[in-house]
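J.: Need a 3D model of the sequence below.
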Amino acid sequence: MRRRVLGDAVISLCALLALLLMLVAIDPRVRIQLASAWGGSGTSTSVSKDVGEISTVLLSAIQDRGIDNAPLMIFALAATVLVLFMLRT
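T.: Got it, this is the predicted structure:
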């Protein structure tokens, strides 16, 4: 049972990383924010600030791409809901 949960968690993490990599490849704003986050000073206050800025840029990039590709976003939302229900049972 634990092995399956761990495997599911790894698959979910890989899917999120793939999504992040696609956004970095497509949107230069995300690429710039991630590059500045990795080149920062590394203090705890700047890390939380960087995470906030990156999440803001990611959300705006997702929103922009969502408006451009509304039918695809509806499909992705429906697929996500179906996967969540599938993992729940």
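
J.: And the strands in this protein?
T.: Using DSSP state E, no strands are found in the chain.

J.: where do the helices sit along it?
T.: Secondary structure of the chain (DSSP state H): helices located at 2-26, 28-38, 44-68, 70-88.

J.: per-residue confidence averaged over the second one?
T.: This means helix 28-38. Mean pLDDT, computed over helix 28-38, is 77.

J.: Name the residues of that helix that come out as buried.
T.: 30, 33-34 (16 or more other Cβ atoms under 10 Å). For every residue, glycine as well, the C-beta is placed using N, CA and C.

J.: quick check, nearest of those to residue 67?
T.: residue 30 (16.2 Å; Cβ to Cβ).

J.: Check the contact between that closest one and residue 58; I expect there is one.
T.: Yes - judged on Cβ atoms under 8 Å, residue 30 makes contact with residue 58 at a distance of 6.1 Å.

J.: pLDDT weak spots in the protein?
T.: Applying pLDDT under 70 to the chain flags the ranges 1, 39-47, 66.

J.: on that earlier part again, and the buried residues of helix 28-38 as TSV, adding distance to residue 5?
T.: Formatted as TSV, these follow (distance: Cβ to Cβ, whole Å):
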residue	distance to residue 5
30	30
33	32
34	29
